[in-house]
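**Q** show me how the following folds:
(chains A, B, C and D)
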Amino acid sequence: MASVPVEYGLILAGILFILGLLGVLVRRNIIFILLSIEVMLNSAGLAFIAAGYRWGQPDGQIMFFFILAMAATEVAVGLALALQFYNKTRTLDTDAASRMRG
Amino acid sequence: MIMFKLLWLIPALPFAGFIILALTGSRLTRTRTAVIGAGSAGLSMVITILTGIRFIGSPPPGNAYVQVLWTWMSVGGFRPEIAFRLDALSLAMITVVTAVGFLIHLYSSEFMAGDEGYSRFFAYMNLFVGSMLTLVLADNLLLLYLGWEGVGLCSYLLIGFWYKDTYNGYAARKAFVVTRIGDTAMGIGLFLLFTVLGTLQIQELMQRALQQWGSGNVMAGAAAALLLGGALGKSAQLPLQTWLPDAMAGPTPVSALIHAATMVTAGVYLIARTHVLFSLAPLVQAAVAVIGAVTLLIAGFSALTQSDIKRVLAYSTISQIGYMFLALGVGAWSAAIFHFMTHAFFKALLFLGAGVVILGLHNEHNMFKMGGLRKQLPLTFWTFLIGAASLSALPLVTAGYYSKDLILYSAWASEAGSPLLWAAGLAGALLTALYTFRMVFLVFFGEEKTRVERKPGMQIKIPLIILAVLSIIGGFVETPASLGGLHIFTKFMYTALPPVVNLPLPATGEFILEIEAALAPPIGIFIAYLFFLYRPRYTGRLASTPSGSALHRFWFSGWGFDWIYDRIIVRPFLWFARIDKNDFLDLPYLGTIWAGKGVNRLLVHTQTGKVRWYAVGIVIGAILALSAMVFL
Amino acid sequence: MILIWLIIIPFLGGIIAWYSDRLNTALPRWISLIALTFDFALLLALWFKPGIVLPPAGNLVQGSTMWLAELDRSWVPQLGISLHLAMDGLSLLLVLLTVFLGITAVASSWTEIQDRVGFFHLNLMWVLAGIIGVFLAMDLFIFYFFWELMLIPMYFLIALWGHENRFYAAVKFFIFTQVSGLLLLIAILGLYFIHARNTGVYTFDYLQLLGTYMQPATEFWLMLGFLIAFAVKLPVVPVHTWLPEAHTEAPTAGSVILAGLLLKTGAYGLLRFTIPLFPRAAFEFAPIAFVLAVIGILYGAVLAFAQTDLKRLVAYTSISHMGFVLLGIFAWNETALQGAVMQIICHGVATGALFILVGALQERIHTREMGRMGGLWATAPRIGGVALFFALASLGLPGLGNFIGEFLVLLGSFRVNIAAASVAAVGLIAATVYALWIIQRVFHGPNTFNWRMPDFRGREMIIMAAMIIVIVWLGLYPQPVFNKAGQALGNLQRSVDIIEIAKPRLSRAGDTRRGLSLFTDEAKRSRRIGTVPGVPMEAVNGR
Amino acid sequence: MGADDLLALLPLLVIAAASVVVMLAVAFYRKHMLTVQLTLGGLAIAFISLFAVASVVPRKVTPLIIMDSYALFYMGLIFAASFVVTILSYGYIEGREGRQDEYYILLLLATLGSAVLVSSNHFASFFLGLQILSISLYVLIAYFRVSELGNEAGIKYLILAASSASFLLFGMALVYAQLGTMEFSLIAQRSTAADMRSALLLAGLILITVGAGFKLAVAPFHMWTPDVYEGAPAPVSAFIATVSKGAMLALLLRYFTLVDIRTFGPLFPVFTAIAIASMFTGNLLALFQDNIKRILAYSSIAHLGYMLVAFLASGALAVAAVSYYLIAYFVAILGAFGVITLMSGKVKDADTLDEFRGLAGRRPWLSGIFTAMLLSLAGIPLTAGFIGKFYIVTAGVGSALWLLVLVLAVNSAISLVYYLRIVAALYARSLAEEAVAAPHLSLAGGIVMAVLTLLLVWLGVYPSPFIRMLQTTVARLI
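**A** All right, here's what the predicted structure looks like:
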């Protein structure tokens, strides 16, 4: 198997991270924001795997498992809150969630 | 010595009177108030006279007696004492102060009878007498300074005695502030003297000055100049004379006691006391003479144009003190004190007489509304006339003649004298006679214009008579060579003050000078008769010409000094006070507050409540931190 | 132990007063009065304790012989903090002043404060406790502790019982003092670490920190930290602007304590800490201090005259008077120092009295605006007379205590800086202007508004009489005070002399040029000596 | 993994077990009082177990966890704070509609997460602890469905916390990629040896800083704080302000005592900038705020800035200073939120300034306590905050961080404006007497507040024992 340089993996992860981040910044719909966060988390996971691959350790992959689990709980809670939010405001626009300010 | 041991009682008695009156307030009856007020001054006078007799009878060793009461303080080598010194100079002063003071107290007990502030008046008067005596008796300059400020305070309190009138308050403050300018100079003088010579005890100071400083020494000059500053303020000499005419706002007895007889001459006393310093600083001493000469002329001209009888007397006082300064300036210390004494008698007399007139005419001060009063107030007229004659230095019969003649003679003959000074003095003598008799003619001669409502009683008459007598005989203790050559007063003074150093002058020269000095007053009186009694219209016509009226206004306003001071000192001060009322040094702090508020408003705008914006914040932070990595 | 009791008595008194409020509103006043009287008695006992004989010149008095009373307990040994309280003549005088003015403050609020009486007295007593602590602390941490401690109750006094603009004034006061206080803390810590680096001993103890050697630049910055803190309190122009607000808005008792005591803590700090701890830097700074002092004297006086609010006017006079104190302290010779102490005491009493007067007037006619007054003498001659007396004290009339203070300050500083002393003397004229203006505007002139009001009666006359007696006593026979302060001041001067800075200064009176060259020589010499440069061993190991 | 290892893990195990026990109890017998008692019991046992553990420390349990006196100290602090929060929550929740007992499970889990954080020695445990804490908090913030603000706050916190967690993770990945280890001690060793200017390493560290900065709510990662504090139930706000921040700070402190922050090129200036920005932002934002919860949020931003000053000073003195400050801060913030909790009704928290105006007249004791807490936050003598501030400045001056110390001084003064504003409002005359009939004060709540106040004064008047304790525990880290 031809070895892929670690940097490539990291750069890919970086690009994914920035894409996810842009999603968080640009989208207003909560669901999409949650999705974008998933992308960011997974990009971090990818970076871990790339790094683990560089050192030939399983640690990176283990971290990825942690990240997966964490992302799942986060989405679970996040969707519940989004639902509640929708019930109250009849919208999923996060900008509507700005009653507290100043 | 037992008599001397009572020395402290002389100032203490009036102080005690003050304290009693201040504490009891208006609860005492008027009679009791008067008894305490005048009584304490009278008792003080009695002790003074007894002490004086004893002093002349058997002088203490060194011709001086010092009584130390307690050590005021002792700090870093500075060790002033509360101590009184009795010598010829102070004895002469306290005699005049207590005697005139008592007479005026007596006069006031009737004069002020209708006033609601009766006890307050006597309290202040007693405080004044006490302070004045402290000033005169003080053995060191700090205690002298205490008395000095004390009399200034009383002057303030009494000028503004009728406090409900705002103008009186203004006049009082003006007096205090202007004199305090001089006092501050004097204070700095004290710092200088102590710093360089290490003591403020007067005799020791003089000795050390003699030892450490030669004639013309800069330090001596500075010290003398600074003390002179104090004297100028207190004695209303150029350029600090402006307060005295306004000080006439006070009750007339106050003008008589404080602003004629005693306090205003404190400057003369101070210079005489510290004459050693002035001798060491010929330049400053010359300045004293010149200031005296100029002042006596300027004030004389101003007196000529006044319509308020008390202001005439006030300018006259300035002018007469000018004579005393002239005397001091030429080194005729005793002559100055001699003139102080006679001046105290006749000027107090004139003021008291004027007071009777004013009281009789319902507080009328304008001489042009008076006239022909000699029939209605005969005693007042005659005593006033005596006083006027004495002030004009009418030859031979008046005290004023002898003292003024001595000054004029010294101005010519003294080492430090000069014909110019003499000429100024002579011109002043003529002027004095002119304005004095202008006043006499306007008030007591001519047609009767008003009725006198209130005639003086005994308490007023007695002081008038006594002072009239003193105004005549007071001069016979010192006569020129051609008139018997009595030198009782100066000889006595020589135990405390050095004699004047005269250039050798032929006896005929002295005689010629005397003739000239004797001629000036009658000429002045004649001119006054001409212009104000015989042909008053001349004056009116003269005053209505453009230059005449301008000159009249110029003299009337006291040579424009008030105007200048108002422009260069008072107004800038008020202007600054007005614009800076809210303290512009606070602006930077207010600016900080505004900046804080501004930043707060800005930051509050960042808290939009929108989650995406918050995320932007995090990203910006991350970018900044990462770029720091690149750049650092 | 007596020292800690001096602090604890008002502290506890305050708490009890707070509680007693529920039973009866007069009770807090009596409790405060009793507590303070008790303190006063303790102080009198200390006053009559025999004095200390100074050892021959050049020697620093060491250890317990230096103090009238001392307490030294370890507090936070880990950081070198100890509860070190000590009293010498200077502290005694200032604590006496504190308690005296405290009593007058309680008495003067007797009828003025009707609202939350207990809490008022709690704050009042705690301020006093804090101030006493400041005057007694000999450990820099403890000093800072009390320094900050007195602020909060003062804040409450202003913010809760003050006048119209009270919150602004209170916060402004607090912020000024807090910022400067933190600078002080920073400087204290700087000194602490430098001392530790020099000797390996971590301590905040004043006596051990005395004579700490440091680089001139360092010394200057640390001195500045101390100076600014005290300058704000004093206050020195241009950091004075908190004062008019605070004084004007505070209730009478608050103004009395502010003007009479809080400002004095600044002066005390300069005297006790700034100059002895950093003599070289302080003397280098002296010319600037003189300029600031003179500006303060004149500027304060002019602005006092400019005011129309009577209380604000009196407040500005404090700035002017404190200028003399600054001048005296930096002149640093016995005459000037004694003058400064005298000025501190007399200004405290006289200005306190003026504030009580203003408070009494406000209670009667509900205004402080001078434009609304006039001719009050006729209706209240006693108030007028007393006001006149204190106005005269304020303008420095000889025979009254303030004159002694100002005269000695000027006399002493004249030796050091002729120009400064001379210009400062002009302040006396300006003082005349504003003092007489008060009398004119309030008591003289026509009674345009037809005020009718009750004159001073029993309680008020007693307070005033006591204050008048003190001022006259100090004006005519101030020696007892000089004797008390002399020993302490002498010691302070010696602690500076030992660093051999002041010696050439004293021997050549009038020479103001002593300066850089001297310092550098000294520094070189110290370095040669070795281990703890600039510090004689007994000063380090003394205690 | 031997018995000693298990013993060393005892506190964590106890908390974990407690959460399970509470869950089971809630499942079988739902009674509020019992739930609370079990929670408190769990926390108390965990706290006591710290003393048992003290005999086996320091000990590394797996590469993930290190139990040393430092960790124990902070766990103690966290457990004590959670204990207080639990008691406050009881009064707050009691009487509310619906089933509320699950709240305590989440609280225990959040505590567990924090405890893991302070004992973490590895990115994995760091991450796990953080997420246990965060996810529990998402729910806790939005726990009471009657509160509309709660939901909003929960969403905001979730989105931002998850985003910042990804920053953190990405940063960890980069560091790992560079150094090949995720263990702190090894990172410290290798990073001193490895190229310190490596872009990968530094970028990783900075991204980690971003993630941590979010949790600490330092500028410019602070913007969520006021909204979340305001929306969350008062006890939860207290928990976020204290436990969550404290745990993260403890972790940072641990890491940066291993490596000298000054050697990492830009890291020191970055932290300096963060500290200064936090102080100014927090204080200036709070100036004219009328909502007390928001004021406390802003003030907590500033306080973190203060602590960063000492943090940057580094050294034994600095660690002790931060720790002391943290204790003082915990006490004061818990006390302040405690007062808000006690004042709050069942629908809306009492958090506007108007609700507190004139409180001194109605509830003298409560307002006295609140005053003490606020003054402590302002750093006034006789309170813990004074010694804390003094300690911090000492650390700063000791390391010659003049700029930071001066900024601290200025900010300390600015902060007075809003603290005193609240205090003045407390003692002002009431606007109207009818204003809010104050709710009944529960006994437990009262006792807790009294204890906190006493502690506050004790810390302020006689700090010596605490300082000694810090020197024997925390400072051993060095």
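
**Q** just for chain A, where's the confidence low?
**A** A:1-3 (pLDDT under 70).

**Q** helices along that one, start to end?
**A** In chain A, the helices defined using DSSP state H lie at A:6-26, A:30-55, A:59-89.

**Q** tell me the most buried of the ones you listed?
**A** Counting by mean count of other Cβ atoms under 10 Å in any protein chain shown, helix A:30-55 has the highest mean neighbour count of the helices of chain A, with a mean of 22. All C-beta atoms are positioned from the backbone trio N, CA, C, and that covers glycine.

**Q** tell me the angle it makes with helix A:6-26.
**A** For helix A:30-55 against helix A:6-26, the angle by axes from the mean of the first three to the mean of the last three Cα atoms, to 10 degrees is 170 degrees.

**Q** the longest helix along chain C - contacts with which helices or strands?
**A** For chain C, the longest helix by residue count, based on DSSP H, is helix C:166-199. If you count contacts as 3 or more Cβ pairs under 8 Å, 6 or more residues apart in numbering or on different chains; DSSP states H and E, helix C:166-199 packs onto helix C:140-149, helix C:151-161, helix C:206-209, helix C:216-233, helix C:242-249, helix D:384-398, helix D:402-427.

**Q** mind listing what's buried along that helix?
**A** Residues C:166-195, C:198-199 are the ones in helix C:166-199 that count as buried (16 or more other Cβ atoms under 10 Å in any protein chain shown).

**Q** what mean pLDDT does it have?
**A** What helix C:166-199 shows for mean pLDDT is 90.

**Q** quick one: distance of it to the chain centre.
**A** In terms of Cα atoms, centre = their mean, to the nearest Å, the centre of helix C:166-199 is found 17 Å from the chain centre.

**Q** report the angle between it and helix C:140-149.
**A** Using the same axes, to 10 degrees: helix C:166-199 against helix C:140-149 is 180 degrees.

**Q** for the helices and strands packed on helix C:166-199, give me a markdown table that also has mean neighbour count.
**A** Output for those, formatted as a markdown table (neighbours: other Cβ atoms under 10 Å in any protein chain shown):
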| stretch | mean neighbour count |
| --- | --- |
| helix C:140-149 | 24 |
| helix C:151-161 | 25 |
| helix C:206-209 | 21 |
| helix C:216-233 | 22 |
| helix C:242-249 | 27 |
| helix D:384-398 | 27 |
| helix D:402-427 | 22 |
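
**Q** and these as JSON lines, adding mean pLDDT and distance to chain B?
**A** Formatted as JSON lines, the helices and strands packed on helix C:166-199 follow (pLDDT from 0 to 100; distance: least, Cβ to the nearest Cβ, whole Å):
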{"stretch": "helix C:140-149", "mean pLDDT": "92", "distance to chain B": "21"}
{"stretch": "helix C:151-161", "mean pLDDT": "89", "distance to chain B": "17"}
{"stretch": "helix C:206-209", "mean pLDDT": "86", "distance to chain B": "25"}
{"stretch": "helix C:216-233", "mean pLDDT": "90", "distance to chain B": "12"}
{"stretch": "helix C:242-249", "mean pLDDT": "90", "distance to chain B": "7"}
{"stretch": "helix D:384-398", "mean pLDDT": "92", "distance to chain B": "21"}
{"stretch": "helix D:402-427", "mean pLDDT": "90", "distance to chain B": "7"}
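
**Q** can you tell me which of these is nearest to chain A?
**A** Judged by Cβ to the nearest Cβ, the one of the helices and strands packed on helix C:166-199 that comes nearest to chain A is helix D:402-427, at 13.7 Å.

**Q** quick one: that closest one near chain C?
**A** Yes: for helix D:402-427, a contact with chain C is found by Cβ under 8 Å from any Cβ of the partner chain, at D:405-406, D:408-410, D:412-414, D:416-417, D:420-421, D:424, D:427.

**Q** the inter-axis angle of the helix or strand that that helix is followed by versus helix C:140-149?
**A** Downstream of helix D:402-427, the first helix or strand assigned by DSSP states H and E is helix D:443-461. Taking the same axes, to 10 degrees, one finds helix D:443-461 and helix C:140-149 inclined to each other by 130 degrees.

**Q** buried residues in whichever helix or strand comes after helix D:443-461?
**A** Using DSSP H and E, the next helix or strand after helix D:443-461 towards the C-terminus is helix D:464-472. Going by neighbour count (16+ other Cβ under 10 Å), the buried part of helix D:464-472 is D:Phe466, D:Ile467, D:Met469, D:Leu470, D:Gln471.

**Q** need the contact partners of helix D:464-472.
**A** Applying Cβ atoms under 8 Å, 6 or more residues apart in numbering or on different chains, the contact partners of helix D:464-472 are C:75-79, D:69, D:73, D:316, D:320, D:323-324, D:327, D:459.

**Q** check stretch C:39-51 too.
**A** By Cβ under 8 Å, 6+ apart, stretch C:39-51 touches C:2, C:5-6, C:9-10, C:68-69, C:87, C:89, C:92, C:95-96, C:99-100, C:102-103, C:132, C:483-484, C:487.

**Q** ChimeraX command to pick out the buried ones of the residues you listed?
**A** Restricted to buried positions by 16+ other Cβ under 10 Å, the ChimeraX selection for these reads:
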select /C:6,9,10,68,69,87,89,92,95,96,99,100,102,103,132,484,487
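
**Q** just the contacts of stretch C:39-51: which are in strands?
**A** Counting by DSSP state E, those place C:Ala69, C:Met87 in strands.

**Q** how about the residues of chain B by chain D?
**A** So far as Cβ under 8 Å from any Cβ goes, chain B lies against chain D at B:596-597, B:599-600, B:603-604, B:606-607, B:609, B:611, B:613-615, B:617-618, B:620-622, B:624-626, B:628-629, B:631-632.

**Q** which phi and psi does C:Phe449 have?
**A** When read as degrees, to the nearest 10, the backbone of C:Phe449 gives phi -100, psi 10.

**Q** okay, now it: neighbour count?
**A** For C:Phe449, the neighbour count with other Cβ atoms under 10 Å in any protein chain shown is 14.

**Q** so which helix or strand of chain B has the lowest pLDDT on average?
**A** helix B:536-544 (a mean of 74; mean pLDDT, DSSP states H and E).

**Q** still on that earlier bit, in CSV, list the helices of chain A along with distance to D:Met343.
**A** Formatted as CSV, the helices of chain A follow (distance: least, Cβ to Cβ, whole Å):
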stretch, distance to D:Met343
helix A:6-26, 37
helix A:30-55, 33
helix A:59-89, 26
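
**Q** before we move on, back to that, farthest pair within the contacts of helix D:464-472?
**A** The most widely separated members of the contacts of helix D:464-472 are C:Trp75 and D:Ser69, with 25.2 Å between them, by Cβ to Cβ.

**Q** where do the helices sit along the stretch 51-200 of chain B?
**A** All helices of the stretch 51-200 of chain B, identified by DSSP state H, counting those that start in this stretch, fall at B:88-111, B:118-137, B:141-159, B:166-197.

**Q** perfect, I'm done here.
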